[in-house]
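> have a look at this prediction, sequence included:
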Amino acid sequence: MVEQLNPTPVVTTTPDATPSTAVGISIKHLYKIFGPNPAQHLDAVQQGMSKQELRDVHGHVLGLRDINIDMPGGGIQVVMGLSGSGKSTLIRHINRLIEPTAGELWAGDQNVMAMSPGELRRFRRERTAMVFQNFALFPHLTVQENTEYGLQVQHVKQKVRREASARWIERVGLKGYEDSYPNQLSGGMQQRVGLARALTNDAPILLMDEAFSALDPMIRGDMQSVLLDLQQELGKTIVFITHDLEEALRLGDRIAILRDGEVIQQGTGQQIVLKPADDYISSFTKDVNRGRVIRCRTLMTPGISVEGPSVDASLVIEEVARVLSAEGFDAANVTNSRGKLLGNISMGDIIAAMVPPKSSDAAAEPG
């Protein structure tokens, strides 16, 4: 069951931040057909025409078929899939860099599809910011100038934009590099500039298209940590595109997996790892370290107290196993953030959960 999202803004409070309006994104029955006459073939695609037939017989390419995703405001929605799955096509629909063949797209209470050209320009400048895989920095501009560029386009006064850009340059760890040019920076540093530029715009929606894919693994991990730390403070609505499940599981509050332009499964990381929808999803999840994904609340036996330490319900089971081993117990009590007993979890539960299901068992939909 797909979680429904009211397309009106909701007020959230994030740690170390003042209350902000988090803008949810709702995508409904979205189709994209590439070719000279896409509308002519829409009915046939909606009736089930295959991607191959559309291409081979009619000379058109199916980009997206009947996409329905509700992206909660203030969270990180990951869209993942292999090359050609449609994930980058999808993210470019959110700010209408690509026009859909059919469907609805809401950002909060704004109907993106109904925007006039002027409204759409303002929406792109003020309500969304984008971070690209190839950094997309201006080579002739310094770090400072690149970072404040979005505000300059909005005709913000120089003093205001300088102060804003300086703040975010420092927050992403680039203080002292304000006067450097992109070719004087490493790939990881260039991507930090791209992130600082997006944050300087102070847009409620952040679109990240394979933003860390070009980075070395260690730098990539550092950038993921930077993003999670900033998100804890800011609570923006982030749409993050990746082909890497480990990255998706680390970052995503919710994950949607695409194949050939269709959503195959969506839900939390735990739902996808514990109950993959089919063998295609199982092929992604089979090598995942389940101990770093599954949390106590998923495995606990409700309402029963045991002799042993107490652990928070949100803790991943790998950490619980470490606690139990260190303290010499076979089970732990599971509590909420206020210390109220919710149930218990045993080492046996944890060990059993570490073992991936067989392929025949993996095809069940998550409840």
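Okay, I see it.
> helices of the stretch 101-250 of the chain, start to end?
117-122, 143-147, 149-153, 158-171, 187-200, 217-234, 245-251 (DSSP state H, counting those that start in this stretch).
> now do the third one, average pLDDT.
Model confidence over helix 149-153, given as mean pLDDT, is 89.
> over to the fifth one?
Averaging the model's pLDDT scores along helix 187-200 yields 91.
> about what we covered before: can you lay out the helices of the stretch 101-250 of the chain as CSV showing mean neighbour count and distance to H41?
Just so you know, the C-beta spots here come from the backbone N, C-alpha and C atoms, and that holds for glycine as well. Output for these, formatted as CSV (neighbours: other CB atoms under 10 Å; distance: least, CB to CB, whole Å):
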stretch, mean neighbour count, distance to H41
helix 117-122, 11, 26
helix 143-147, 24, 42
helix 149-153, 17, 38
helix 158-171, 17, 45
helix 187-200, 24, 36
helix 217-234, 15, 39
helix 245-251, 21, 32
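> of all those helices, which lies closest to A136?
A136 lies closest, by CB to CB, to one member of the helices of the stretch 101-250 of the chain: helix 187-200, at 6.6 Å.
> run the angle between that closest one and helix 158-171 for me.
140 degrees (axes from the mean of the first three to the mean of the last three CA atoms, to 10 degrees).
> ok, and what's touching helix 187-200?
129-132, 135-137, 143, 146-151, 161, 164-165, 167-169, 171-174, 177, 182, 185, 206, 211-212, 214-216, 219, 222-223, 226-227, 230, 234 (CB atoms under 8 Å, 6 or more residues apart in numbering).
> output the below-cut-off pLDDT ranges for the stretch 51-200 of the chain.
Along the stretch 51-200 of the chain, no part satisfies pLDDT under 70.
> go with 80
Within the stretch 51-200 of the chain, the ranges that satisfy pLDDT under 80 run 134-135.
> could I get the full set of strands for it?
61-71, 76-80, 102-107, 110-111, 128-131 (DSSP state E, counting those that start in this stretch).
> could I get the ones you listed in JSON lines, plus columns for distance to V355 and mean neighbour count?
Formatted as JSON lines, the strands of the stretch 51-200 of the chain follow (distance: least, CB to CB, whole Å; neighbours: other CB atoms under 10 Å):
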{"stretch": "strand 61-71", "distance to V355": "31", "mean neighbour count": "22"}
{"stretch": "strand 76-80", "distance to V355": "24", "mean neighbour count": "24"}
{"stretch": "strand 102-107", "distance to V355": "40", "mean neighbour count": "20"}
{"stretch": "strand 110-111", "distance to V355": "46", "mean neighbour count": "15"}
{"stretch": "strand 128-131", "distance to V355": "37", "mean neighbour count": "24"}
